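**Q** got a sequence here, can you build the structure:
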Amino acid sequence: MQASISSGIIPENVVYLGFDIGSVSLNTAVTDACNNILEDFYDYVHGKPFHVLRERLSFILGKYSGKTIKGIALTGSGGRLAAKLIGGIFINEIIAQVSSTSELYPEVKTVIEIGGEDSKLILLDKDADNGQSVLADEQYMRCRDGFISRPAGKKDRCGNRE
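**A** Presented below is the predicted three-dimensional model:
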C-alpha cells in the first residue's frame, strides 16, 4: 500500500521545495508532507539569480539525499525560466500569495509585499462557497518604478472599469 496523507499515513521520506527567485534574493522553503517548514533560506543573488539557485539546490539535494522530492514550485521574476531549467511548476506571485495567506492566515484581509522589483497591495475577501480567502474582485495594485498600476480591465476605486 502506498503511503498517503488522505489515508492518515504521512510519508516521512518526502519533501517539497518552494523557490521565490527575484532580482534581489532567492527565498527557499523546504517542507514536509504536512506543510511544516523544515528549513527556509534567504540568499542575496548579487545579480546572478540562477547561479545562487544552482548552489542552493545543490545544497538541498545533498542534505536531503535520502528523501524524495515530491514537488517543486517556483515564483518570482525568475520563476518561469527557473521552472523550465530545473523542472517544477511556475506559480504567479499574486496567486501564490493569496493561496498561502488563505491557508496559513485565513483571517487576513490585506497583503502588502515589498519586493526588489515591485511592491503589491492585495485585498482579500472570503469565498461565499468555501470560506477561503480569495482575491477581492481581482483587486490588487502593483507599484513598479514608483508608479502604481492595476491589471487591465479591472475596476478602479469608484467601481468603474478601466
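**Q** and Ser112, what are its bridge partners?
**A** Careful, residue 112 is Ile; it's not Ser. Leu121 (DSSP bridges).
**Q** how far away is it from Asp118?
**A** Taking CB to CB, to the nearest Å as the measure, Ile112 falls 12 Å from Asp118. Just so you know, the C-beta spots here come from the backbone N, C-alpha and C atoms, and that holds for glycine as well.
**Q** neighbour count for the two, which is higher?
**A** Asp118 (17 against 8; other CB atoms under 10 Å).
**Q** retrieve the pLDDT associated with that one.
**A** In this model, Asp118 is scored at 75, pLDDT.
**Q** ok, the one 5 residues further on next?
**A** Leu123 is assigned a pLDDT of 80 by the prediction.
**Q** wait, is it part of a helix?
**A** No. Counting by DSSP: H, G, I helix; E, B strand; the rest coil, Leu123 is not part of a helix but strand.
**Q** burial of it, as a residue count?
**A** 14.
**Q** what does the one 3 residues further on give?
**A** Number of residues near Lys126 (other CB under 10 Å) recorded here: 15.
**Q** same check, this time on Thr28
**A** Thr28: 21 neighbours (other CB under 10 Å).
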